[in-house]
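Okay, sequence plus prediction incoming.
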Amino acid sequence: MRKTFADLHLRLNVKDHAKALQVITKAAALGYRLIAVPFPPETRRDEIAKLRAVCSEAKIDFASRIDLRPRTQNELIQQLRWLRRKFEVICVNCENKQVARQAAKDHRVDLLNFPSLYFRKRFFDRAEAGLASSSLAALEIDVKPLLVLEGPARIRFLSSLRREAAIAKEFHVPIVVSSGISEAKLLRSPREMAALTFLFGLDEASALKAVLQEPVAIVKRNREKLSAKFVAPGIRVIKEGKDC
Amino acid sequence: MKRVKRRYLALQVDSDGLPSQKDFMDAVWSAVAKLYGEYGASLTNLALIDYDVEKKTAVIRTSLATVDLVRTSLASITSVADREAAVHILAVSGTIKALRKKARL
C-alpha cells in the first residue's frame, strides 16, 4: 500500500492557475498524496472547488486550509466560530502570547504556527505545550526558512526549533512538518523534508510521523467532523429512514 | 583495520540550465560545509562517482555513518552555479550495481 505523505502548507496563488498547476504536479511527482492550500477567509466555495478539481486531475488529495492572524483572544474566538465549519484545516499564526495561549487550548485549532524570523515571538514554551497537549493542536514547522535563510538567522532559527521540538516531544504535542513554499523549485520530497528535520533533533521515526501520520490524522479527523453524519465525537449517524 | 562501509546515492539535479560537474560538486560541498562546518564535511568522505550533464543525474559516494548528514545537506541546496536548483535523491544503496537498478539509471 502506498503511503500518504502530506504537505499541509503549500502557498499557492489560486489566481495564477498555471503556476498553481506546476506546483501541484511537482508535489504529486515527488510523492505527496495530500496537500493543503491556505485561502483567505472570504474565499467562495467555487474557488476552492476549482482547485480541488485541479488536484484531482493530478491525482492528489486536496484539503482547504485557513491561516488566522488574530490580534486578540476574542478576535480568534470569533473567527473560529465563523470559519471552523468552512475549512478542513485551521492554522493560527500566533503573533502575541495571549493569542498563542488561547489557540493552544482551543479544540477547534489544528495547527499552531509561529513567526520564523522574529525569535522573540516564538511562544512555544512549556506552558504553551502543556495547553496544546490537552487539546488537539499540533505544532507546525515550515521548512522554507531552513532553505532560504543563511548564516546567523538560520543558526538562531535552528536553535529555536531544536528547543521547541524537545518541548513538544516532552509534552506529547504532535509536530507537523510542512513546506510553506510557493515555488516549485523549493519543494522537497517527503523523505527530504524528514531529512531536514534531523537538523533540529527529530529522529527518523518522529520525522516520518511529522510528514505522514500527523497531517493525515488532522485532515481525516476534520473531514469526519465536517461530514453530515457527524453528531458528536464518537457519535455518528449510521442509518436514517423509517426502517431504523 | 575495520572496513569502512559506504553508501552510494543517485541524485537528480532539478535546475533550469545544465550545470557542469564542478558546479554541482561545489554546490554539494558548500551545502555540507554551511550546515556542518569543515570538520563535519571532512567526515563524509564525499566523492563523485558519475555525472551525466544531459540527464542531470549524478552518483555520489559517502560513508554509511554520514548518510543522514549528506541527505540533509542535499535537501538544503537551493542553487547550483547561481541558478535556482534542487537536488533530489532518487535512491540509496550499498553497491553501485544495486543503485543503478533501483534508480533505473
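Thanks, I have it.

other SSEs contacting the lengthiest helix in chain B?
When chain B is parsed with DSSP state H, its longest helix is helix B:21-43. For helix B:21-43, the packing partners by 3 or more Cβ pairs under 8 Å, 6 or more residues apart in numbering or on different chains; DSSP states H and E come out as strand B:47-52, strand B:57-63, helix B:67-75, strand B:79-80, strand B:83-93. For every residue, glycine as well, the C-beta is placed using N, CA and C.

can you pull the contacts of the spatially closest residue to A:L12 that is not a sequence neighbour?
In space, and not counting its chain neighbours, A:L12 is closest to A:A20: 4.4 Å by Cβ to Cβ, 6 or more residues apart in numbering or on different chains. Residues in contact with A:A20, defined by Cβ atoms under 8 Å, 6 or more residues apart in numbering or on different chains, are A:L12, A:N13, A:V14, A:L51, A:V54.

residue nearest the centroid of chain B?
B:I60 (4.8 Å; Cα atoms, centre = their mean).

Quick check: pLDDT value at the residue lying farthest from the centre of chain B.
In terms of distance from the mean C-alpha position of chain B, B:M1 ranks first, at 26.9 Å (Cα atoms, centre = their mean). Looking at B:M1, its pLDDT is 74.

measure it to A:A20 for me?
According to Cβ to Cβ, to the nearest Å, B:M1 stands 56 Å off from A:A20.

B:A27 now?
From B:A27 to A:A20 the distance is 28 Å (Cβ to Cβ).

now swap in A:F198 and tell me
31 Å.

The closest residue in space to B:L46 that isn't next to it in sequence: neighbouring residues, count only.
Counting by Cβ to Cβ, 6+ apart, B:L46 lies nearest to B:T62, which is 5.4 Å off, once chain neighbours are set aside. Counted with other Cβ atoms under 10 Å in any protein chain shown, the neighbours of B:T62 add up to 22.

List the contacts of B:T62.
Applying Cβ under 8 Å, 6+ apart, the residues near B:T62 are B:R6, B:R7, B:L9, B:T44, B:N45, B:L46, B:A47, B:V70.

Are any of those buried, and if so which?
Neighbour counting with 16 or more other Cβ atoms under 10 Å in any protein chain shown marks B:R6, B:R7, B:L9, B:T44, B:L46, B:V70 as buried within the contacts of B:T62.

Quick check, A:S135 in contact with A:L111.
No: using Cβ atoms under 8 Å, A:S135 makes no contact with A:L111, being 11.7 Å away.

More neighbours: these two, which one.
Of the pair A:S135 and A:L111, A:L111 is the one with more neighbours under other Cβ under 10 Å, namely 27 against 17.

Just give me the closest of the buried ones among the contacts of B:T62 to chain A.
B:V70 (9.0 Å; Cβ to the nearest Cβ).

OK, contacts around the closest one?
B:L9, B:V32, B:T44, B:L46, B:I60, B:T62.

Now with 6 Å, please.
B:T44, B:T62 (Cβ atoms under 6 Å, 6 or more residues apart in numbering or on different chains).

Flag every residue of chain A that's near chain B.
A:L147, A:K185, A:R188, A:S189, A:E192, A:A195, A:L196, A:F198, A:L199 (Cβ under 6 Å from any Cβ of the partner chain).

residues near the fifth one, how many?
The reference is to A:E192. Applying other Cβ under 10 Å, I find that A:E192 has 22 neighbouring residues.

Fine, thanks again, bye for now.
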